[in-house]
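Enquirer: Sequence and computational prediction follow.
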Amino acid sequence: QVQLVESGGGQVQAGGSLKLSCLLSGSATYFYRMGWYRQAPGQQRELVANVFDSGTTDYAGAVKGRFTISRDTAKRTVDLLMNRLQPDDTAVYFCNVRPSYFATSEIWGQGTQVTVSS
């Protein structure tokens, strides 16, 4: 069973950058969709960015132009480079994988805290 391990969270001042990484355990190298979500205190979990098996990416409007998602199939990693961070980006960030288009469940990481101070 695939497990996700996130790393790279931390505290940064507004305008700074952080890179989150998610490592997928196991031997599978194909995943339909890999992405990042975030959840701020008192808020619902929301999509940050996805990357599909085709290489297509999509981003939440609030992060478009500042965040970049990338995947390395051979290394089984999906990274999120976050630039020009703002206090509103403060949240717990979760790695998410949909194994296949027809999968009935998705896989979540344990989350990593990102805190942006003004």
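Expert: Good, I have the coordinates.
Enquirer: quick one: buried residues of stretch 103-113?
Expert: For stretch 103-113, the neighbour count (16 or more other C-beta atoms under 10 Å) marks Ile107, Gly109, Gly111, Thr112 as buried. C-beta here means a position set from N, CA and C on the backbone, and glycine is covered the same way.
Enquirer: Quick one: residues contacting Thr29.
Expert: By C-beta atoms under 8 Å, 6 or more residues apart in numbering, the residues touching Thr29 are Thr73, Ala74, Arg76.
Enquirer: nearest residue to the last one other than its sequence neighbours?
Expert: In other words, Arg76. Once flanking residues are discounted, Arg76 sits nearest to Leu24: 4.2 Å by C-beta to C-beta, 6 or more residues apart in numbering.
Enquirer: repeat for the first one
Expert: Nearest in space to Thr73, with sequence neighbours left out and distances taken as C-beta to C-beta, 6+ apart, is Thr29 at 5.3 Å.
Enquirer: Dihedrals phi and psi, that neighbour?
Expert: Note on Thr29: its backbone torsions stand at phi -120, psi -10 [degrees, to the nearest 10].
Enquirer: Just the C-alphas of stretch 34-50, formatted as PDB.
Expert: The C-alpha coordinates for stretch 34-50 follow below in PDB (Å, rounded to 0.1, in the frame of the first residue of the first chain):
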ATOM      1  CA  MET A  34      -0.700  13.900  -7.700                       C
ATOM      2  CA  GLY A  35      -1.200  17.100  -5.900                       C
ATOM      3  CA  TRP A  36      -1.200  19.300  -2.900                       C
ATOM      4  CA  TYR A  37      -4.000  20.600  -0.700                       C
ATOM      5  CA  ARG A  38      -4.000  22.900   2.300                       C
ATOM      6  CA  GLN A  39      -6.100  23.500   5.300                       C
ATOM      7  CA  ALA A  40      -6.000  26.700   7.300                       C
ATOM      8  CA  PRO A  41      -7.400  26.800  10.900                       C
ATOM      9  CA  GLY A  42     -11.200  26.900  10.800                       C
ATOM     10  CA  GLN A  43     -11.200  26.400   7.100                       C
ATOM     11  CA  GLN A  44     -12.000  23.600   4.700                       C
ATOM     12  CA  ARG A  45      -9.300  21.700   3.000                       C
ATOM     13  CA  GLU A  46      -8.700  23.200  -0.500                       C
ATOM     14  CA  LEU A  47      -6.800  22.300  -3.600                       C
ATOM     15  CA  VAL A  48      -3.500  24.100  -4.200                       C
ATOM     16  CA  ALA A  49      -2.200  22.400  -7.300                       C
ATOM     17  CA  ASN A  50      -2.400  19.100  -9.200                       C
END
